[in-house]
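Engineer: Sequence first, predicted coordinates after that:
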There are 2 protein chains.
Amino acid sequence: MARGFFLFWLIVKYAAMSPFTVTILGSNSAMPTLERNMTAQVINIHDNHLLFDCADGTQLQMRKLKVKMQRINHIFISHMHGDHYFGLIGLIFTYHLLGRQNELHVYGPPILKKIIDIQLEASETKLLYPLSFHPIDSGKSELLLDHRSYTVRSFPVTHSIPTVGFTVTEKQADRKLRKEVLEKENIPVEVRQMIKQGADYTTPEGKFLENESMTEDPPKPRSYAYSSDTRYDESIIDYIKDSNLLYHEATFTEDMKDKALDRFHSTARQAALIAGKAGAGKLVLGHFSARYDELEGLQQEAREVFPNTYLAEDGSVFEVA
Amino acid sequence: MARGFFLFWLIVKYAAMSPFTVTILGSNSAMPTLERNMTAQVINIHDNHLLFDCADGTQLQMRKLKVKMQRINHIFISHMHGDHYFGLIGLIFTYHLLGRQNELHVYGPPILKKIIDIQLEASETKLLYPLSFHPIDSGKSELLLDHRSYTVRSFPVTHSIPTVGFTVTEKQADRKLRKEVLEKENIPVEVRQMIKQGADYTTPEGKFLENESMTEDPPKPRSYAYSSDTRYDESIIDYIKDSNLLYHEATFTEDMKDKALDRFHSTARQAALIAGKAGAGKLVLGHFSARYDELEGLQQEAREVFPNTYLAEDGSVFEVA
């Protein structure tokens, strides 16, 4: 019973320690409808909260969906179309008014800094918290954030203005100790960290223990890829390969393929083709044209090519697994 | 029966021709709550639709409250605090995406033009419709819009940054013809417009008719005053005198008078004092601090000084009468 409880506690603790989810705050393109706001999503990776894009109305969505906005320390803006960033300045001010003290990191096209600054200047505001701006060069893939347990990278996509997508990737975790072996061999606590990192061990009695006998493979690192707005473009596959979860825009259905091409957007079928070619585990479609009241058609079209496809809906949460 | 119907039709037509209402799109200050968005209101004067301020989330409020956003041709921004203008750029883009063709007039502090332009530039957008910007000089009262049936004027208020309030005032309408006299005296149609404008008339038979015998006084011009954000300041009274409806900010209750002074805002009691001294017909309180879950205290406090006081609530419509 006590052991059962301990195992349960371990599982809960592990799950709580390494969440990796994507919460959709807006799933529409260009304009809001009553049911669907425009692009924004919160990525929770190991209890670090990242915001990808921030359309007009995003802070209201956060309130509605009970997303804890103060937890967000990193905001990534993919490009300078308003349905991806018009809500940012309001959020920056709300943090100020709420007495935020934690540093806020904003990553985006260089002109975004100017737009923030001119609006701070216009309201004669000196923010109460430090805001660090990190310009993104949309012409290449960059390492934007190197956290001890994950990285965020940008990658160029093909849109009507300079635009990037983002990937969030777990770092390889330490090897998992086989507690029963460690106890049996009486391996001291102070060497266990080295063993986790792959070291072999020789006991004081001279018994040589290979690392593999004391450890198990850690879980495979998981990754999430966010296409932002893009035409069908196979050149992104290198960057998003083998993602557990791929969010790919699907502004239109295939019958509007020409319009998609013309507007630098994708169809649901094209998103599914990319997911298949990239070996994604699961595909989430989003950035829907306001013309669609019902989204089933988009999902069905994509599922014909890539069955494990789901629709982004405001408030839905996807596990990256 | 036919005559009854005609009278009914006349009343309906008259009411339809000269509406004058204020629709509250947001009643909170600084930050949105689930029930209250931030400042924006639509004034319908004689079927002309004006937007006063445009906080983040205003276009969503318009959808929710079924306000026909395309009817708005004039937008007035009182000052450069985000809770009064962050939603403007999103609305400007939504009009573009909806294929708007009508000219849009935006009135606001000169720096607002720069902020709009840099965001158009960043998204490489050339708007499909003409946008005319009219800079407001916050240091004085200006005639901003001179329509044939009404005017919009700005007036300076006392806030932490340059800020103006606005008044909307009907022009004196033509005198109302006494149809029964006109018919009895057989007065030709072609002179009736002159008579409406005050002319006397002599019949072909030489009978002199004084204007007053053929016409009635027109309705008294109505006016609406919008204080925007301001400290208690009696200097605004000259500008808003005898308004049928006064919207005055009431960010705090009287127990927070010092904070109100410090933040360049007003208390509900102060708003009521201004309404009384200005001889307003009705007072609407708004711009409430997010600290107040219940607003009854604000209303009660104001009613002790000025009984005809009401609360702005998102979606409420006030007649200017």
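Structural biologist: Everything's here; your move. Numbering: from 1, shown residues only, chains lettered A, B, ... in the order given.
Engineer: Show me which residues of the stretch 51-200 of chain A sit near chain B.
Structural biologist: A:56-57, A:59-60, A:63-64, A:80-83, A:86-87, A:89-90, A:93-94, A:97-98, A:109, A:111-112, A:114-115, A:118-119, A:121-124, A:160-161 (CB under 8 Å from any CB of the partner chain). (Each C-beta comes from the backbone N, C-alpha and C, glycine too.)
Engineer: which of those are buried?
Structural biologist: A:56-57, A:59-60, A:80-83, A:86-87, A:89-90, A:93-94, A:109, A:111-112, A:114-115, A:118-119, A:122-123, A:160 (16 or more other CB atoms under 10 Å in any protein chain shown).
Engineer: Residue most distant from the centroid, chain A?
Structural biologist: Most distant residue from the mean C-alpha position of chain A: A:Glu205, 48.7 Å away (CA atoms, centre = their mean).
Engineer: Am I right that that one sits in a strand?
Structural biologist: No. Using DSSP: H, G, I helix; E, B strand; the rest coil, the secondary structure at A:Glu205 is coil, not a strand.
Engineer: What separation do you get for it and A:Leu182?
Structural biologist: When distance is defined by CB to CB, to the nearest Å, A:Glu205 is 15 Å away from A:Leu182.
Engineer: A:Leu120 falls within a helix, correct?
Structural biologist: Yes. With three-state DSSP as the criterion, A:Leu120 is located in a helix.
Engineer: who's in contact with it?
Structural biologist: Applying CB atoms under 8 Å, 6 or more residues apart in numbering or on different chains to A:Leu120 gives the contacts A:Lys126, A:Leu127.
Engineer: Domain map for chain A?
Structural biologist: Annotated domains of chain A cover A:18-173+A:219-319, A:176-216 [automatic domain parsing].
Engineer: How about the contacts made by A:Ile115?
Structural biologist: Contact analysis of A:Ile115 by CB under 8 Å, 6+ apart lists A:Ile89, B:Ile115, B:Ile118, B:Gln119, B:Ala122.
Engineer: any low-confidence regions in chain A?
Structural biologist: Along chain A, the model assigns pLDDT under 70 to residues A:1-17.
Engineer: so how far is B:Ser149 from the residue nearest the centre of it?
Structural biologist: By CA atoms, centre = their mean, chain A has its centre lying nearest to A:Ile43, at 4.4 Å. Separation of A:Ile43 from B:Ser149 (CB to CB) stands at 54 Å.
Engineer: go on, A:Gly286?
Structural biologist: With CB to CB as the criterion, A:Gly286 and B:Ser149 are 47 Å apart.
Engineer: cool, and A:Val320?
Structural biologist: 60 Å.
Engineer: Just want to know which of those two has more residues nearby.
Structural biologist: A:Val320 (22 against 15; other CB atoms under 10 Å in any protein chain shown).
Engineer: Please verify my assumption that that one contacts A:Thr23.
Structural biologist: No. If you go by CB atoms under 8 Å, A:Val320 and A:Thr23 don't touch, sitting 11.5 Å apart.
Engineer: Can you tell me which residue of the stretch 201-321 of chain A sits closest to chain B?
Structural biologist: A:Ala290 (8.6 Å; CB to the nearest CB).
Engineer: Tell me how many other residues crowd the nearest residue to that residue once chain neighbours are set aside.
Structural biologist: With CB to CB, 6 or more residues apart in numbering or on different chains as the criterion, A:Ala290 has its nearest non-adjacent residue at 5.0 Å, and that residue is A:Met31. By the criterion of other CB under 10 Å, A:Met31 has 22 neighbours.
Engineer: Helix, strand, or coil at A:Met31?
Structural biologist: coil.
Engineer: From what I see, the residue of the stretch 201-321 of chain A closest to chain B and A:Ser27 are in contact.
Structural biologist: No. With contact defined as CB under 8 Å, A:Ala290 does not reach A:Ser27; the gap is 10.9 Å.
Engineer: which neighbours do those two share?
Structural biologist: Shared contacts of A:Ala290 and A:Ser27 (CB under 8 Å, 6+ apart): A:Arg36.
Engineer: Walking through chain A, point out its helices one by one.
Structural biologist: A:2-17, A:58-64, A:88-97, A:110-122, A:179-184, A:192-196, A:211-214, A:237-240, A:257-262, A:268-278, A:296-303 (DSSP state H).
Engineer: quick one: which of those is nearest A:Asn48?
Structural biologist: Closest of the helices of chain A to A:Asn48 is helix A:2-17, at 11.8 Å (criterion: CB to CB).
Engineer: Contact partners for A:Tyr310?
Structural biologist: A:Lys282, A:Leu283, A:Val284, A:Leu285, A:Gln299, A:Ser316, A:Phe318.
Engineer: residues contacting the third one?
Structural biologist: It refers to A:Val284. A:Val22, A:Ile24, A:Leu245, A:Leu246, A:Tyr247, A:His248, A:Thr309, A:Tyr310, A:Leu311, A:Ala312, A:Phe318 are the contacts of A:Val284 under CB under 8 Å, 6+ apart.
Engineer: Select only the buried ones of these in ChimeraX?
Structural biologist: Command for ChimeraX that selects the buried part of the contacts of A:Val284, burial taken from 16+ other CB under 10 Å:
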select /A:22,24,245,246,247,248,309,310,311,312,318
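Engineer: Looking at the contacts of A:Val284, which is nearest A:Asn48?
Structural biologist: Taking the contacts of A:Val284 together and measuring to A:Asn48 by CB to CB, the closest member is A:Val22, at 13.2 Å.
Engineer: From A:Gly315, how far off is that closest one?
Structural biologist: Going from A:Val22 to A:Gly315 by CB to CB gives 12 Å.
Engineer: Same check on A:Arg71?
Structural biologist: A:Arg71 is 17 Å from A:Gly315, by CB to CB.
Engineer: ok, now A:Ala199?
Structural biologist: Distance, A:Ala199 to A:Gly315, by CB to CB: 46 Å.
Engineer: repeat for A:Pro221
Structural biologist: 28 Å.
Engineer: what do you get for A:Val152?
Structural biologist: From A:Val152 across to A:Gly315, the span is 23 Å (CB to CB).
Engineer: Kindly report the same for A:Ser18.
Structural biologist: Counting by CB to CB, the gap from A:Ser18 to A:Gly315 is 23 Å.
Engineer: What about the nearest residue in space to A:Asp47 that is not next to it in sequence, how many residues nearby?
Structural biologist: Excluding the flanking residues, the one nearest A:Asp47 by CB to CB, 6+ apart is A:Pro19, at 6.4 Å. Residues lying near A:Pro19 (other CB under 10 Å) number 13.
Engineer: Contacts only, for A:Pro19.
Structural biologist: Contacts of A:Pro19 by CB under 8 Å, 6+ apart are A:Asn44, A:Ile45, A:His46, A:Asp47.
Engineer: Give me the phi and psi for the last one.
Structural biologist: This points to A:Asp47. The phi/psi pair for A:Asp47 (degrees, to the nearest 10) reads phi 70, psi 20.
Engineer: neighbours around it, how many?
Structural biologist: If you count neighbours by other CB under 10 Å, A:Asp47 ends up with 11.
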